[in-house]
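In: After the sequence you'll find the predicted model.
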Amino acid sequence: MSTLFLLFLLLLSFPATAAFDKAEAWRLCADLSTKGQTWTPTVNPSLFAYSEEFLRNTNARATHILICASDEPSADLAWSVLVGKGFEHIFVLGMSRDALTSLGSHLRAVVAHEVGHLVVNHTGGACDNFTRQKRNDDYVLCEHDADWVAMNWIGKPAMLTLLRTLLHHRERNFAPREHLENLAKRISLLERAP
Ligand SMILES: [Zn+2]
């Protein structure tokens, strides 16, 4: 038996499966998002392309990208997690339908910010932990770290435009005062960033 044939048999016994199948994609979207919100897998070529673009700038070595979306009005605007699974690393990006429709031309900046979290080693929900602990200033600095990375990729004007658009969007939606103040602080930090 030739070595090549043995190799072929070996490949047959370990079929090349994707890092995740459809069922697992649904499970990842549901489990990784904020509890109580409904997130499901979605196909969005733009978000996929932006994720690929910025992941190339990191050493995260993501082997797969999964996009999750939520129709719920109260859903978080965007979130991201890098899931390790053996030799595979799945970059999971969540984006609310509200963000998808209202932030159209700024979505590249949103994705840059989300991938930026990976660069500064923010694991899933790292900044949100500060809000839970009522450490507001730490939360703002944590988000600013990701803003800063994104700014270096897409430029300060594009990143500032995103944050100002978000601020106006949240003002229109009567977001809690604290959320507006946090965004205003992130804008001011970025304006002063070298
Ligand atoms: Zn963030």
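Out: All right, it came through fine.
In: what about residue 93, neighbour count?
Out: Residue 93 sits with 22 neighbouring residues when counted by other C-beta atoms under 10 Å. Quick note: C-beta positions are derived from backbone N, CA and C, even for glycine.
In: Need the per-residue pLDDT for it.
Out: pLDDT for residue 93: 96.
In: Against which helices or strands is the helix or strand it falls within packed?
Out: Here residue 93, judged by DSSP states H and E, is contained in strand 88-96. On a contact count with 3 or more C-beta pairs under 8 Å, 6 or more residues apart in numbering; DSSP states H and E, strand 88-96 meets helix 22-32, helix 45-55, strand 64-70, strand 78-85, helix 107-119.
In: Can you mark which positions in it are buried?
Out: Buried residues in strand 88-96, defined by neighbour count with 16 or more other C-beta atoms under 10 Å: 89-96.
In: how far does that strand sit from the chain's center?
Out: From the chain centre to the centre of strand 88-96 is a distance of 6 Å (C-alpha atoms, centre = their mean, to the nearest Å).
In: Direction included, what does that strand pair against?
Out: strand 64-70 (parallel), strand 78-85 (antiparallel) (DSSP bridges).
In: so where is this protein shaky, pLDDT-wise?
Out: Residues of the chain that meet the criterion pLDDT under 70 lie in 1-19, 124-125.
In: near the ion, which residues of it?
Out: With the criterion set to C-beta under 5 Å from the ion, the chain comes near the ion through 143, 146.
In: check contacts around the most centrally placed residue in the chain.
Out: The geometric centre of the chain, computed from its C-alpha atoms, lies nearest to residue 80 (C-alpha atoms, centre = their mean), at 3.0 Å. When contacts are counted by C-beta atoms under 8 Å, 6 or more residues apart in numbering, residue 80 touches 91-94, 114-115, 117-118, 124.
In: Regarding this protein, what is its longest helix?
Out: As assigned by DSSP state H, the longest helix anywhere in the chain is helix 136-154.
In: Buried residues of that helix, list them for me.
Out: 139-140, 142-151, 153-154.
In: circling back to that earlier point, would a markdown table of the contacts of residue 80 with distance to residue 134 be doable?
Out: Shown next, in a markdown table, are the contacts of residue 80 (distance: C-beta to C-beta, whole Å):
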| residue | distance to residue 134 |
| --- | --- |
| 91 | 30 |
| 92 | 27 |
| 93 | 28 |
| 94 | 24 |
| 114 | 24 |
| 115 | 28 |
| 117 | 21 |
| 118 | 26 |
| 124 | 20 |
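In: any idea which of the helices and strands packed on strand 88-96 is most buried?
Out: Among the helices and strands packed on strand 88-96, ranked by average contacts under mean count of other C-beta atoms under 10 Å, first place goes to helix 107-119 (a mean of 24).
In: And that helix, how far out from the chain middle?
Out: Helix 107-119 sits 6 Å away from the centroid of its parent chain (C-alpha atoms, centre = their mean).
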